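Student: need a structure here:
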Amino acid sequence: MLWNKKEKALLIFITGLKEYVFESFDVSAFHYLLKPIEEKKSAEVFARAAAEAEKKGD
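Tutor: A predicted model of the protein is given here:
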């Protein structure tokens, strides 16, 4: 598991199940995308995730 290896990861859920959105906060998810996903929204989320990952990599 990533947690055991102390890896830095950003967790993005992509699912069609909206009933689990609040549980994603329990695992510190970066974002929760609900299907069907709009291209603009997914691009925005992944760009923000890439920027955040770069900040954490420094």
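Student: could you find the closest non-adjacent residue to the residue nearest the centre of the chain?
Tutor: The centroid of the chain falls nearest to residue 12 when counting by CA atoms, centre = their mean (2.0 Å). Leaving aside its chain neighbours, residue 12 sits nearest to residue 31 (4.9 Å; criterion: CB to CB, 6 or more residues apart in numbering). Placement of C-beta: from N, CA and C, glycine included.
Student: what's the separation between the one you found and residue 11?
Tutor: Distance of residue 31 to residue 11, computed by CB to CB, to the nearest Å: 8 Å.
Student: so these two - more neighbours on which side?
Tutor: residue 31 (17 against 13; other CB atoms under 10 Å).
Student: now the more buried one: how far from residue 10?
Tutor: Taken as CB to CB, the span from residue 31 to residue 10 is 8 Å.
Student: elements contacting the helix of greatest length in the chain?
Tutor: In the chain, with assignment by DSSP state H, the single longest helix is helix 39-57. Where contact means 3 or more CB pairs under 8 Å, 6 or more residues apart in numbering; DSSP states H and E, helix 39-57 is packed against strand 12-15, strand 31-34.
Student: in its sheet, what does the last one sit against?
Tutor: Paired strands of strand 31-34, with direction, are strand 12-15 (parallel) (DSSP bridges).
Student: just to revisit the earlier point, name the residues of the longest helix of the chain that are buried.
Tutor: residue 45 (16 or more other CB atoms under 10 Å).
Student: pull the CA atoms of it into CSV?
Tutor: Below are the C-alpha coordinates for helix 39-57, written out as CSV (Å, rounded to 0.1, in the frame of the first residue of the first chain):
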residue,chain,number,x,y,z
GLU,A,39,-13.8,17.0,-20.3
LYS,A,40,-13.3,20.5,-19.1
LYS,A,41,-13.9,19.5,-15.4
SER,A,42,-11.5,16.5,-15.6
ALA,A,43,-8.8,18.7,-17.3
GLU,A,44,-9.2,21.3,-14.5
VAL,A,45,-8.9,18.7,-11.7
PHE,A,46,-5.9,16.9,-13.2
ALA,A,47,-4.1,20.2,-13.9
ARG,A,48,-4.7,21.2,-10.2
ALA,A,49,-3.5,17.8,-9.1
ALA,A,50,-0.3,18.0,-11.2
ALA,A,51,0.4,21.5,-9.8
GLU,A,52,-0.1,20.2,-6.2
ALA,A,53,2.1,17.1,-6.9
GLU,A,54,4.8,19.4,-8.2
LYS,A,55,4.6,21.5,-5.0
LYS,A,56,4.8,18.4,-2.8
GLY,A,57,7.8,17.1,-4.8
